[in-house]
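Let's see this in three dimensions:
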Amino acid sequence: MKSLEEIFSSFSGLKALIIGDVMIDSYIWGKVERISPEAPVPVISITNKEVRLGGAANVAKNIAALGATPLLCAVVGNDHDGQAFTDLLVSRNMDTTGIVISNDRMTTVKERMLSASQHLLRIDKEITDPLNERDREALLKNIQNFMKEADVVIFEDYDKGVLDKEIIGAVTTMAMAKGIPVTVDPKKRNFLNYEKATLFKPNLKEIKEGLKIDFENDDEVAISEAARTLRETLNIEKVLITRSEYGVYIASDGEQHFIPAHLRAISDVSGAGDTVISTASLCLALGLPDKVTAALSNLAGGLVCEHLGVVSVNKRQLLEETIKSGIVG
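Numbers count the residues shown, from 1 in each chain. Alright, predicted model coming up:
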């Protein structure tokens, strides 16, 4: 196998086609010094506001942060927030040609209000209905154009309506015909629609809901059995389960690994799954062993949890932490 330095250098030659639900993550910071006289709620005096790329766009950010090229295909609304979203892509030198502007949808925005390190409130603006036929066709056309240069395809599903069984099936068929691996970060609505994917990355809550089963989060036998059931049900090659404070688990034919979590000062777990699927997808595109893929992805996901809000992984820090930990070698 390549050295760690060679692996991280190889990320820069890859292109990842990311398909799914994009959004704006908006943060409002302020001070709370009194309770409102109108109702028993805190009054926040705003000190700062920031907007960031979220959802599938945060996966694109992580792909770029790891040195690879993101090819993002998604749908936003023909509104102020949609323009703000494309402006954010441009500011990061990301390609906007895969973004469909819809007249029938609003751009998804998750607005969070925070005081110090406390999360006070979140307000969501979204439409979760399936795409209309015009937007679906435009999205598939963009995907087909990008598929010609992709090394891996990533489905980033947030249950906001961009992905459905028809799109998932069409894209998977295209990728398989070209020998391109397909990875999935699923949600509840389409959980059982990702047949023949290469790598499927649910968290514990998602696999329990998706398979309608229950088990204790530290029950390794039950987790192994759930992964086997999932692989057989969807005819997928690999299952990578994120287990929060228990780390990650990966399974494929004749191989399974439980990778423990690293001790971290956790500030916010938002976006950690995006980092895990981004790292795992690039590792898969390079043909790295399952244990290496899981270990790197686990470490990357832990690193972003040390920051407040949704952030992307730092490639240099990930390499240094990987070398220091000795988890790969």
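
so where do the strands sit in the protein?
Counting by DSSP state E, one finds strands in the chain at the ranges 15-20, 22-35, 42-55, 69-77, 99-102, 109-115, 118-125, 152-156, 182-185, 199-200, 238-242, 248-252, 255-259.

Relative to the first one, what are the paired strands and their orientations?
Paired strands of strand 15-20, with direction, are strand 69-77 (parallel), strand 152-156 (parallel) (DSSP bridges).

Would you tell me which of those strands gets closest to V90?
strand 69-77 (12.2 Å; Cβ to Cβ). For glycine as for every other residue, the C-beta is placed from the backbone atoms N, C-alpha and C.

Just the buried residues of the closest one, please?
Judged by neighbour count using 16 or more other Cβ atoms under 10 Å, the buried positions of strand 69-77 are 69-77.

What is the least confident helix or strand in this protein?
Least confident helix or strand, the chain: helix 315-325 with a mean of 84, by mean pLDDT, DSSP states H and E.

Tell me the residue in this structure that is farthest from the middle.
Outermost residue of the chain with respect to the C-alpha centroid, by Cα atoms, centre = their mean, is P37; its distance is 41.2 Å.

per-residue confidence at that one?
We have a pLDDT of 95 for P37.

just to revisit the earlier point, adding distance to D218, write the strands of the chain out as CSV.
Formatted as CSV, these follow (distance: least, Cβ to Cβ, whole Å):
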stretch, distance to D218
strand 15-20, 30
strand 22-35, 31
strand 42-55, 30
strand 69-77, 35
strand 99-102, 42
strand 109-115, 31
strand 118-125, 27
strand 152-156, 28
strand 182-185, 23
strand 199-200, 22
strand 238-242, 13
strand 248-252, 11
strand 255-259, 10
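
and R134, how many neighbours does it have?
When neighbours are counted by other Cβ atoms under 10 Å, R134 registers 12.

One more: the one 4 residues further on?
A total of 18 residues lie near A138 under the criterion other Cβ under 10 Å.

mind listing what the residue lying closest to it once chain neighbours are set aside touches?
Using Cβ to Cβ, 6 or more residues apart in numbering and skipping the chain neighbours, the partner closest in space to A138 is V100 (4.6 Å). Contacts for V100 (Cβ atoms under 8 Å, 6 or more residues apart in numbering) come out as 73-76, 135, 138-139, 142.

need the contact list for the residue nearest to R189 when sequence neighbours are not counted.
Take R189 and drop its neighbours on the chain: the residue closest to it by Cβ to Cβ, 6+ apart is D159, 4.8 Å away. Residues near D159 by Cβ under 8 Å, 6+ apart: 21, 128, 187-190.

repeat that with 10 Å
Counting by Cβ atoms under 10 Å, 6 or more residues apart in numbering, D159 touches 21, 126, 128, 186-191.

Any idea how many residues pack against the residue nearest to D129 when sequence neighbours are not counted?
Nearest residue to D129, sequence neighbours excluded (Cβ to Cβ, 6+ apart): G161, at 5.3 Å. By other Cβ under 10 Å, 18 other residues sit near G161.

List the contacts of G161.
With contacts taken as Cβ under 10 Å, 6+ apart, G161 has the following neighbours: 21, 75, 105, 108, 126-131, 135, 189.

which one of these sits closest to Y246?
Proximity of these to Y246 was ranked by Cβ to Cβ; the top entry is R189 with 26.0 Å.

my guess is the closest one contacts K160, does it?
Yes: using Cβ atoms under 10 Å, R189 makes contact with K160 at a distance of 9.4 Å.

between those two, who's got more neighbours?
The neighbour comparison of R189 against K160 (other Cβ under 10 Å) goes to K160, with 23 against 17.

Neighbours of the closest residue to L140 other than its chain neighbours, how many?
Spatial nearest neighbour of L140, excluding adjacent residues (Cβ to Cβ, 6+ apart): A170 at 6.2 Å. Using other Cβ under 10 Å, A170 is surrounded by 14 other residues.

contacting residues around A170?
136, 140, 143-144.

can you list those residues in a markdown table and add neighbour count, pLDDT and distance to M94?
Listed next are these as a markdown table, based on neighbours: other Cβ atoms under 10 Å; pLDDT from 0 to 100; distance: Cβ to Cβ, whole Å:
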| residue | neighbour count | pLDDT | distance to M94 |
| --- | --- | --- | --- |
| R136 | 18 | 97 | 23 |
| L140 | 19 | 98 | 21 |
| I143 | 21 | 98 | 16 |
| Q144 | 13 | 97 | 20 |
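
For these, work out which two are farthest apart.
Across these, no pair lies farther apart than R136 and Q144, at 12.6 Å, counting by Cβ to Cβ.
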